[in-house]
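Visitor: Sharing a model that was predicted from the sequence below.
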Amino acid sequence: MTFLVAGATGTVGRQVVAALQEAGAPVRALTRRPGTAAFGPGVEVVGGDLLDAPSLEAALRGVTGVHLINFGGDGYAPLENGRELVAMIEAAGVRRVTMLAGWSESTLEPAVRASALTWTAVSPTEIMANALEWADEVRQGRVERPYGDSRTAMVHEGDIGAVAATALLEEGHGGADYLLTGPERISLREKIATLGSAVGRSVEFVELTPDQARTAMREQGVPEHMIDFQLEVFADPPAEYNTPNGVVEKVTGRPARTFADWAQHNASAFR
């Protein structure tokens, strides 16, 4: 029972690989740059690109389950070759698929849902690892962002990986749409304070207006569509995506990890 993990060097992909490893399952880590990928024993690194379906032929041989992402390339472009990818996966004899669902419109998800594959969709709310974007500012002792009181139910990337691995390894998850949250709704101000506690010093939070935030992101080179997305989502985070729901514990048998857990484990990145 060999499992292929797409996006294996990404934030969530690495966690899927790690969870499958922990379970003792043979893993193939799919990456566009196999020469630069490093994993532990039991992981076979293979080259391939979801944007180029024929490049996956060798990687799919003998594979039981596949973890997929719905974007490709350096720009996180939505996949437009979903039907071709699914046809290859089915032809290879794969039985189970997990999909890391996202905000972008991709042809992959509808193709997987319409297929004969046993599929599970994994849809995380805000991922805790996104907090690494604040590392430079935390080190300087001052974080400037809009919407300081905006609350999300951030989910640990390790919990996302654990849910995906469980769905690949165990029966009973076919056709499930798992919305993954953390165990608490936490504001941006509280997140910054939590990081300050983890590194042992006070970090000032300065709230920007939306216009100030837009200007700052433009100066940093953030694409306009991403600026619009961030300002829209964090102005009023959707309640259905940010209410703790217990799905992580239901699927894995372990409670979802808190942001304080994540901050303590990743404190070195903010010092």
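Guide: Thanks, I have it.

Visitor: going forward, measure contacts between C-alpha atoms and count neighbours the same way
Guide: Will do.

Visitor: Strands of the stretch 101-250 of the chain, start to end?
Guide: 118-124, 142-146, 151-152, 176-180, 186-187, 204-208 (DSSP state E, counting those that start in this stretch).

Visitor: counting contacts, what elements does the least confident helix or strand in the chain by mean pLDDT pack onto?
Guide: When the helices and strands of the chain are scored by mean pLDDT, DSSP states H and E, strand 77-78 comes last with a mean of 75. For strand 77-78, the packing partners by 3 or more CA pairs under 8 Å, 6 or more residues apart in numbering; DSSP states H and E come out as strand 71-72.

Visitor: Residues contacting the strand it packs on, please?
Guide: Where contact means CA atoms under 8 Å, 6 or more residues apart in numbering, the residues beyond strand 71-72 that reach it are Asp49, Leu50, Leu51, Ala77, Pro78, Leu79, Ser104, Ser106.

Visitor: Run through the residues that contact the fifth one.
Guide: Read that as Pro78. Asn70, Phe71, Gly72, Ser104, Glu105, Ser106, Thr107.

Visitor: what stretches of the chain score poorly on pLDDT?
Guide: 73-76, 103-104 (pLDDT under 70).

Visitor: follow-up on the earlier one: wait, which of the strands of the stretch 101-250 of the chain is closest to Val63?
Guide: strand 118-124 (13.9 Å; CA to CA).

Visitor: strand partners of that closest one, parallel vs antiparallel please.
Guide: Strand 118-124 pairs in its sheet with strand 96-100 (parallel), strand 176-180 (parallel), by DSSP bridges.

Visitor: Going by neighbour count, which residues of the last one are buried?
Guide: Same thing as strand 176-180. For strand 176-180, the buried set under the neighbour-count rule, 16 or more other CA atoms under 10 Å, comprises Tyr178, Leu179, Leu180.

Visitor: swap in stretch 52-59?
Guide: Buried residues in stretch 52-59 (16+ other CA under 10 Å): Ala53, Leu56, Ala59.

Visitor: What is the neighbour count of the nearest residue to the first one once chain neighbours are set aside?
Guide: Of all residues beyond its chain neighbours, the one nearest Ala53 is Leu85 (5.6 Å), with distances taken as CA to CA, 6 or more residues apart in numbering. A total of 22 residues lie near Leu85 under the criterion other CA atoms under 10 Å.

Visitor: quick check: domain ranges of this structure?
Guide: Domains of the chain are assigned by automatic domain parsing as 2-124, 126-156+181-242+257-271.

Visitor: Of all the ones you listed, which one is nearest Gly172?
Guide: The nearest among the domains of the chain, by CA to CA, is domain 2-124 at 9.8 Å.

Visitor: So which residues make contact with the helix or strand hosting Val16?
Guide: Counting by DSSP states H and E, the element that carries Val16 is helix 11-22. With CA under 8 Å, 6+ apart as the test, helix 11-22 has contacts from 5-8, 26-27, 29, 42-43, 129, 157-158, 160-162, 164-165.

Visitor: Likewise for stretch 115-130?
Guide: Residues contacting stretch 115-130 (CA under 8 Å, 6+ apart): 11, 86, 90, 94-102, 112-113, 152-157, 160, 163-164, 167, 173-181, 241-242, 259, 262.

Visitor: and that stretch, how far apart are its ends?
Guide: 32 Å (CA to CA, to the nearest Å).

Visitor: Mind listing what's buried along that stretch?
Guide: 117-129.
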